[in-house]
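*Asks:* Have a look at this prediction, sequence included:
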Amino acid sequence: MSRAKGNIAEKEALLFLQERGFELVEQNFYSKFGEIDIIMQKDNIYHFIEVKSAPSYEVAIANITPQKLSRIIKTAYVYMKKNSLNVEYSFDAVIVSDDIEFLENITL
């Protein structure tokens with residue numbers, strides 16, 4: 001996926017989440033381990049969100065590999081340490097295909 005398509009998917013995901021009461025904390029946070037597309041907060045829980053876009057749900061979800069998830073988790077820990085956060089958190093995904101779907105706690 002090109003960066004331009006990724007930016008469009010992230011904007012769609014952001015709007016989708018904001019309509020559901022999530023508040024934006026930060027976008028595109030980078031560490032030496034990787035990137036977190038969107039960091040949002042709702043009900044005092046930080047949500048570290050990976051956005052995936054593809055022609056189908058199955059293709060998009062398949063792109064969240066164990067290695068990708070490991071990088072997201074490590075990057076989230078860097079973010080929390082850097083910001084001295086001791087909060088509840090969740091690793092989530094937003095899948096943008098024909099529809100938009102929010103998947104909470106993708107590490108389970």
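*Replies:* Yep, it's here. Numbers count the residues shown, from 1 in each chain.

*Asks:* alpha carbons only for contacts and neighbour counts from here, please
*Replies:* OK.

*Asks:* For the chain, which segments count as strands?
*Replies:* In the chain, the segments counted as strands under DSSP state E are 23-30, 35-42, 45-53, 88-96, 100-103.

*Asks:* can you put these in CSV and add mean pLDDT, mean neighbour count and distance to residue 13?
*Replies:* Supplementary listing: the strands of the chain in CSV, determined by pLDDT from 0 to 100; neighbours: other Cα atoms under 10 Å; distance: least, Cα to Cα, whole Å:
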stretch, mean pLDDT, mean neighbour count, distance to residue 13
strand 23-30, 96, 15, 11
strand 35-42, 97, 21, 9
strand 45-53, 96, 23, 7
strand 88-96, 96, 21, 6
strand 100-103, 94, 15, 7
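
*Asks:* would you turn those into CSV with distance to residue 68?
*Replies:* Listed next are those as CSV, based on distance: least, Cα to Cα, whole Å:
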stretch, distance to residue 68
strand 23-30, 14
strand 35-42, 10
strand 45-53, 9
strand 88-96, 12
strand 100-103, 16
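
*Asks:* between the ones you listed, which gets nearest to residue 71?
*Replies:* Relative to residue 71, the nearest member of the strands of the chain by Cα to Cα is strand 35-42, separated by 7.6 Å.

*Asks:* Name the surrounding residues that touch stretch 101-108.
*Replies:* For stretch 101-108, the surrounding residues in contact (Cα atoms under 8 Å, 6 or more residues apart in numbering) are 69, 90-95.

*Asks:* switch the cut-off to 10 Å
*Replies:* By Cα atoms under 10 Å, 6 or more residues apart in numbering, the residues outside stretch 101-108 that reach it are 13, 16-17, 47-51, 57, 61, 64, 66, 69-70, 73, 89-96.

*Asks:* Can you spell out which residues form a bridge with the nearest residue to residue 30 once chain neighbours are set aside?
*Replies:* Distance criterion Cα to Cα, 6 or more residues apart in numbering; nearest residue to residue 30, sequence neighbours excluded, is residue 36 at 6.6 Å. For residue 36, the beta-bridge partners are residue 29 (DSSP bridges).
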